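Q: coordinates only, sequence not included:
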């Protein structure tokens, strides 16, 4: 794909906006359709798009496998961590009411943090699946 | 209560049976997974369709709206979709590994090879 | 304070351990964390069990949303018993796992295996503890998906295909379950188990509810490998790494049986199940068929793991048979057999794992004269095998005895005959091992003495000792099961 000038320029132009839109979907999830799942897929799609245009090695240099694997775990830990925070602050597991002085603000903070965890894990999972499938070819078993 | 007014159920049933049939009848592992995905999709519809009230809006309290759709099925099915995607990804990953090991994704060919290996192993056991 | 949060900790700690192990990327650390977590889970389960005995049902509202709106974790005598079983087997298998896994799985996958192991543990514990029918599905899939991965990690390439078959069958089962739950939700508008039981009374004669019962029973039967739906099980158990089978054979199908008990007795209740649907009659026939045909098939297996897998299918027949008798003794026997068979089968698979490590195969014909080479392992297999047969003085006897009592109480003489026949067949397939290992001369080039390493032998022997111990001391297994049966049948009488 290295020779397709138009594709490369368009990709470079588009990818920042894809990431930005992912963040919009992420944070607008409080008020309308959106949230971590969709935003996570969009983030991953931006990197996958990059890989399609510039090649898998370039994408792997940008977001290495080790980072993806760690993100996978960190996202789940953020989610569970919010739950445990609820425990430590005197509520039940995943109790958002106690996360802030005002229960409504607490719910808001809780769901916001949880969605961050979802974003991290979902994008990492999507990337991991893409890397695993794209990285295999007929002559490289395992 | 005519038959036609519940067409979403008919679609659900059709998808359910079609998917299950593909899983059972096809011997190609990828096709089996496609059937499985269709089968699971029917469940999404089974949950989502009854949650919608005609004329209902999203369940956010606002002026002028009294009829709301049920949001719970959507949440449940979001979870079910994630589970379905995970199953499909794992299934495909297994198929890739099976293809690497056996050189085929046709169940008959794989079973034949596995059968041969089992027999060889048992005969090896006899010798030992 | 902390005691109030035990139900959450039971699930959350294994759940958080799984990503932590991935993050550390070390097989050794993964094993250590997994082992510690399983011990922690066991401690929590035992504490919950004792608390349930003293204060009764424990209800825990996740996120502080009160049931039936929020997800409720609800611990009563039945699932506290299941929690102890699952975490007990995990906490004995994991110390054993390290040596066994090191020999059977490539080193770069160890941390992923332990991560999947605790995730599977988390799923099974979650299925048992939650009081929300959709939550059961989510945990069912967590345990199943991690289970498919664990089985696919077996060293033989046939394990891959077995894992794939299990994935197809397991997913169909789980989807059937979720279809049933969907129909119930449409009819009752609730997902909370306790709430659903109450609300179902008004609509229980409707067709969707009956369809739901059918879907859920068939779906769970796939998961528990009830006789005609068991085809995935032997391959999966034969191919998976030994430590994984020891864990899953003792727990995975058992927790699904628990869910079935909950639905058949807890939700639908004997009112609907007994009279005109003949569900229990059918279960009884399939159980009896499982006990005979699977035992017969086991008799002709050449692979020891496969033999034990078919024996598992037969033993599941005992469990569902007790369930289908639907009287107090029957359900007690059923629940107690969950435990007794769980420890027996875990012990057997752990010992066979030792044979695989030393001999390199578990083909029965290759094990001639093994008793001289691995005396402790072989003796352990004989003892656990006796428990499988149901010889007095072993755990297996206790449950078979109560099963027979339950059948007599019901006047079902043919059930007694089936139990007897199945036990004879079990004795026959255990004898096959005894004959080969003890009677046949070892091949000339055999190693004189090479017992499995202590790290594997000690947990396995502890499990064998448990088979004997629970054959005499029945206050936990039988007493717990009796309380559980009272919970299941109590509301209906």
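A: Sure, I can see it. What you see is a predicted model, and the numbers here were worked out from it, not measured in a lab. Numbering: from 1, shown residues only, chains lettered A, B, ... in the order given.

Q: for chain B, what lies in contact range of chain A?
A: Contact residues (Cβ under 8 Å from any Cβ of the partner chain) of chain B with chain A: B:78, B:82, B:89, B:92, B:93, B:96, B:100. Any C-beta I mention is one placed from the backbone N, CA and C, and that applies to glycine too.

Q: buried set for the longest helix anywhere in chain A?
A: When chain A is parsed with DSSP state H, its longest helix is helix A:103-134. By 16 or more other Cβ atoms under 10 Å in any protein chain shown, the buried positions in helix A:103-134 come out as A:106-107, A:109-131.

Q: out of those residues, who's near chain B?
A: Within these, those near chain B by Cβ under 8 Å from any Cβ are residue A:129.

Q: got the contact list for residue C:293?
A: With contact set as Cβ atoms under 8 Å, 6 or more residues apart in numbering or on different chains, residue C:293 has these partners: residue C:227.

Q: at 6 Å instead, please
A: Shown in contact with residue C:293 (Cβ atoms under 6 Å, 6 or more residues apart in numbering or on different chains): no residues.

Q: just the one 5 residues further on next, same as before
A: For residue C:298, the set of contacting residues under the criterion of Cβ under 6 Å, 6+ apart consists of C:307, C:310, C:311, C:429.

Q: name the residues of chain B found near chain C, please.
A: Chain B comes close to chain C at residues B:36, B:39-40, B:43, B:46-47, B:50, B:76, B:83, B:86-87, B:90-91, B:94, B:97-98, B:101, B:110, B:114, B:122, B:125-126, B:128, as judged by Cβ under 6 Å from any Cβ of the partner chain.

Q: how about 8 Å then?
A: So far as Cβ under 8 Å from any Cβ goes, chain B lies against chain C at B:16, B:20, B:23, B:29, B:32, B:36, B:39-40, B:43, B:46-47, B:50, B:73, B:76, B:79-80, B:83, B:86-87, B:90-91, B:94-95, B:97-98, B:101-102, B:110-111, B:114, B:117-118, B:121-122, B:124-126, B:128.

Q: how about chain A?
A: So far as Cβ under 8 Å from any Cβ goes, chain A lies against chain C at A:66, A:69-70, A:72-77, A:80-81, A:83-84, A:86-87, A:91-97.

Q: select only the buried ones of the residues you listed in PyMOL?
A: Those of those that count as buried under 16+ other Cβ under 10 Å are selected in PyMOL with:
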select buried, chain A and resi 69+70+72+73+74+75+76+77+80+81+83+84+86+87+91+92+93+94+95+96+97
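
Q: pick out the residue of chain C closest to chain B.
A: Among the residues of chain C, residue C:363 lies closest to chain B, at 3.1 Å counting by Cβ to the nearest Cβ.

Q: I'd like the contacts of residue C:298 as TSV, with distance to chain A and secondary structure appended.
A: Shown next, in TSV, are these (distance: Cβ to the nearest Cβ, whole Å; DSSP: H, G, I helix; E, B strand; the rest coil):
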residue	distance to chain A	secondary structure
C:307	32	helix
C:310	33	helix
C:311	35	helix
C:429	38	helix
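
Q: what residues does the stretch 151-300 of chain C have near chain B?
A: Selection of the stretch 151-300 of chain C residues close to chain B by Cβ under 8 Å from any Cβ yields C:152, C:157-158, C:160-161, C:163-164, C:167-168, C:171-172, C:175, C:178-179, C:182-183, C:185-186, C:191.

Q: which one of the residues of chain B next to chain A sits closest to residue C:259?
A: Ranked by distance to residue C:259 (Cβ to Cβ), the residues of chain B next to chain A are led by residue B:82 at 20.9 Å.

Q: how about the closest residue to residue C:154 other than its chain neighbours, what does it touch?
A: Closest residue in space to residue C:154, ignoring its immediate chain neighbours: residue C:239 at 4.2 Å, by Cβ to Cβ, 6 or more residues apart in numbering or on different chains. By Cβ under 8 Å, 6+ apart, the contact list for residue C:239 reads C:151, C:154, C:156, C:158, C:159, C:160, C:162, C:163.

Q: export those to a markdown table and tack on pLDDT and secondary structure?
A: As requested, those are exported to a markdown table (pLDDT from 0 to 100; DSSP: H, G, I helix; E, B strand; the rest coil):
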| residue | pLDDT | secondary structure |
| --- | --- | --- |
| C:151 | 93 | helix |
| C:154 | 84 | coil |
| C:156 | 80 | coil |
| C:158 | 85 | helix |
| C:159 | 88 | helix |
| C:160 | 91 | helix |
| C:162 | 91 | helix |
| C:163 | 93 | helix |
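
Q: buried ones only from the residues you listed, please, as a PyMOL command.
A: Selecting only the buried entries of the contacts of residue C:239 in PyMOL, with 16+ other Cβ under 10 Å as the criterion:
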select buried, chain C and resi 151+154+156+158+159+160+162+163
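
Q: list the contacts for residue 126?
A: By default, I'm working from chain A. A:40, A:41, A:44, A:45, A:48.

Q: try again with chain C
A: C:11, C:135, C:138, C:139, C:142, C:143 are the contacts of residue C:126 under Cβ under 8 Å, 6+ apart.

Q: I'd say the fourth one and residue C:119 touch.
A: Meaning residue C:139. No - contact criterion Cβ atoms under 8 Å: residue C:139 and residue C:119 do not qualify, at 10.5 Å.
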